[in-house]
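Student: Here is a sequence with its predicted model. Questions after.
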Amino acid sequence: MRDITNREYEFRVLVVAPTGRDSELICQLLTSKGILCVAPPTAEAARVESDIGAGAVILAEEVLTLADISEWASRIAHQPSWSDLPIILLTIPGERSRRRMLAQAPLENLVLLERPVRPETFVSSVLAALRSRRRQYQIRDYLEERTVAEEALRRSEKLVVAGRLAASMAHEINNPLASVTNLLYLVVASDTLAKSKQFGATAVSELARVSELVTHTLRFYREPAKPAMVHVTEVVDSALVVFQSRLTSAGIAVERDFRENTPILAKAGELRHMVLNLIGNALEAIQRDGTLKIRVSNTRELRNGARQGVRLTVADTGSGIQPEIRSRLFDPFVSTKGDTRTGLGLWMSSEIVRRHGGTIQVKSKVPPPFGGTVFSVFLPLHLPSDSHDDFHDHSIFGHAKSAGNLSGAEAGAALSAQPEIAVSMATLQSRDGP
């Protein structure tokens, strides 16, 4: 006898009908129709076989005890999310039995066939159950493929972020090093000790800038692997250090509005990744002579059980986001910069926020005459109970909100001091509380 393949295990029919020759006759009928059939001697043995693989289960009503019903209900309840094992119950003719009534509710995907049943009806019911099972396996395979693709996207985005960070580092470090080179030349060429000391002190100051930049960057890579208490304001400050030279050369004013904010349980490295992306996008939207305003404050998310948390708002006076892109902004491969970017940055940011149990929303206005964009991120003080494992299980695509109307008083306030960002304050009124 040939070995059964894994695929055939998944579509075999388990038959538990020990009365007389019922199991034997049922398997003969199904086998004649090209359906693989196995006849375990007991319901308990059938449950063991179903763990190996099954397309459907056929049970005779008389073999079901109350304990069996409870065991089958437990197996059904603990199936994977994609699975809904079809069960066909061959009922005793006549009045409805107590066992049948008890089995119908917990077994869920249950088909009742009253005996005697015509062979054509019986085979048709089994084939329908197997078609249903085939669709379930297709969903399983799709989810597995999507998990692999999503992980590949994450690795790609991490490489992109590392490249952008390296380019920013090179730019930021080059300017003070160039100054140090010129200052050392002036130290050598100076005709007085006082001038040499003056130039030397300036060179030390420039090198201090380099040291600060390197220190903040190394902090990005030395975060603990597990969530820890994090001050969001410290994350924002460390991100702004990376962009300091670029902000200065582009004439972009930074307004920090750091109000009272409580430390949150989070992964600082992931939050810094998200903040770097939001600030980097804002600078590209502003380009020159604009304003970047960042607010951090305690808040309460009333729409989700009145959760306490911290809201980070990043507002810019840039070019805004086109309406046709906003609804898809947090999807992978959607970019506001054409083919020059991967379109993964905001998707990764939304995933980071989701894994921390928070929400991210956007409001934007495209010129003329004034434009700008506001991103509002809510982060709860404590991670949801399932988020600790979710840091290591990235199999779900982002569920971040990209609502057209930004919710949150902080987001509205971030714009209120910027009259040049012409976004209606009426649409930014809080539903989350102060």
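Tutor: Looks like it came in fine. Numbering: from 1, shown residues only.
Student: Look at the residue of the chain positioned farthest from its centre and tell me its secondary structure.
Tutor: Among residues of the chain, the one most distant from the C-alpha centroid is Asp191; the distance is 62.9 Å, by Cα atoms, centre = their mean. What DSSP: H, G, I helix; E, B strand; the rest coil gives for Asp191 is coil.
Student: gap between it and Phe199?
Tutor: 12 Å (Cβ to Cβ, to the nearest Å). C-betas here are computed from N, CA, C, even on glycine.
Student: Which strand or helix spans Asp68?
Tutor: helix 66-77 (DSSP states H and E).
Student: Can you tell me which helices and strands that helix packs against?
Tutor: helix 43-52, helix 98-107 (3 or more Cβ pairs under 8 Å, 6 or more residues apart in numbering; DSSP states H and E).
Student: Compare the ones you listed and say which comes out lowest on pLDDT.
Tutor: Looking at these, the lowest mean pLDDT belongs to helix 98-107 (a mean of 66).
Student: Next SSE downstream of that one?
Tutor: Next along from helix 98-107, by DSSP H and E: strand 110-114.
Student: Show me what that next one is packed up against.
Tutor: strand 87-91, helix 98-107, helix 119-189.
Student: of all these, which gets the most neighbours per residue?
Tutor: strand 87-91 (a mean of 21; mean count of other Cβ atoms under 10 Å).
Student: Can you tell me what sits against that one?
Tutor: Strand 87-91 is touched from outside by 17, 22, 56-61, 64, 72, 97, 100, 103, 107, 109-115, 117, 125-126, 129, with contacts defined as Cβ atoms under 8 Å, 6 or more residues apart in numbering.
Student: Name every strand pairing with that strand and say which way it goes.
Tutor: According to DSSP bridges, strand 87-91 has the following sheet partners: strand 56-60 (parallel), strand 110-114 (parallel).
Student: which residues are contacting stretch 15-24?
Tutor: Contacts for stretch 15-24 (Cβ under 8 Å, 6+ apart): 26-27, 30, 37-43, 45-46, 57-60, 62-63, 90.
Student: distance of the closest residue to Arg328 other than its chain neighbours from Arg115?
Tutor: Residue nearest to Arg328 in three dimensions, not counting chain neighbours: Val334, with 4.7 Å by Cβ to Cβ, 6 or more residues apart in numbering. As judged by Cβ to Cβ, Val334 and Arg115 stand 57 Å apart.
Student: which of these two has more neighbours?
Tutor: Val334 (18 against 14; other Cβ atoms under 10 Å).
Student: how about the helices of the stretch 251-400 of the chain, start to end?
Tutor: 268-286, 323-326, 345-355, 387-390 (DSSP state H, counting those that start in this stretch).
Student: for the record, mean pLDDT for the second one?
Tutor: Okay, so that is helix 323-326. 82.
Student: Just confirm Asp68 contacts Ala43, I think it does.
Tutor: Yes: the pair Asp68 / Ala43 is scored as a contact, 4.6 Å apart, by Cβ atoms under 8 Å.
Student: Which of the helices of the stretch 251-400 of the chain has the highest mean neighbour count?
Tutor: The most buried one of the helices of the stretch 251-400 of the chain (mean count of other Cβ under 10 Å) is helix 345-355, showing a mean of 25.
Student: Which parts of this protein belong to which domain?
Tutor: As assigned by automatic domain parsing, the chain contains the domains 8-145, 226-428.
Student: Could you say which of these is packed most deeply?
Tutor: Most buried among the domains of the chain, counting by mean count of other Cβ under 10 Å: domain 226-428, with a mean of 19.
Student: hang on, the earlier thing: would you convert the domains of the chain into JSON lines that also reports distance to Glu206?
Tutor: Output for the domains of the chain, formatted as JSON lines (distance: least, Cβ to Cβ, whole Å):
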{"stretch": "domain 8-145", "distance to Glu206": "52"}
{"stretch": "domain 226-428", "distance to Glu206": "11"}
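Student: just to revisit the earlier point, separation between the residue nearest to Arg328 and Ser156?
Tutor: Following Cβ to Cβ, the distance that separates Val334 from Ser156 is 15 Å.
Student: Report pLDDT for Leu29.
Tutor: Leu29 carries a pLDDT value of 95.
Student: who's in contact with it?
Tutor: Leu29 neighbours (Cβ under 8 Å, 6+ apart): Pro119, Phe122, Val123.
Student: got the CA positions of the host helix or strand of Glu10 in CSV?
Tutor: In the assignment (DSSP H and E), Glu10 maps to helix 6-11. Only the C-alpha atoms of helix 6-11 are listed here, as CSV (Å, rounded to 0.1, in the frame of the first residue of the first chain):
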residue,chain,number,x,y,z
ASN,A,6,0.6,15.3,3.5
ARG,A,7,-1.9,16.9,1.0
GLU,A,8,-4.0,13.8,1.1
TYR,A,9,-4.0,13.8,4.9
GLU,A,10,-5.6,17.3,4.7
PHE,A,11,-8.5,16.1,2.6
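Student: I figured Tyr360 hits Val377, correct?
Tutor: Not Tyr; residue 360 is Ile. Yes: with contact defined as Cβ under 8 Å, Ile360 reaches Val377; the gap is 4.9 Å.
Student: if I look at these two, which residues touch both of them?
Tutor: Val353.
Student: Distance to Asn6 added to the strands paired with strand 87-91, as a markdown table?
Tutor: Shown next, in a markdown table, are the strands paired with strand 87-91 (distance: least, Cβ to Cβ, whole Å):
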| stretch | distance to Asn6 |
| --- | --- |
| strand 56-60 | 17 |
| strand 110-114 | 26 |
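Student: Redo those strands as JSON lines? Include mean pLDDT.
Tutor: Below are those laid out as JSON lines (pLDDT from 0 to 100):
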{"stretch": "strand 56-60", "mean pLDDT": "93"}
{"stretch": "strand 110-114", "mean pLDDT": "88"}
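Student: So which of these is nearest Glu144?
Tutor: strand 56-60 (22.3 Å; Cβ to Cβ).
Student: ok and the closest one relative to helix 119-189, angle-wise?
Tutor: Orientation check (axes from the mean of the first three to the mean of the last three Cα atoms, to 10 degrees): strand 56-60 against helix 119-189 gives 140 degrees.
Student: okay, the angle between strand 56-60 and helix 66-77?
Tutor: Using the same axes, to 10 degrees: strand 56-60 against helix 66-77 is 170 degrees.
Student: can you list the residues that contact strand 56-60?
Tutor: With Cβ under 8 Å, 6+ apart, strand 56-60 has contacts from 13-19, 22, 26, 43, 46, 50, 85-90, 126, 129-130, 133.
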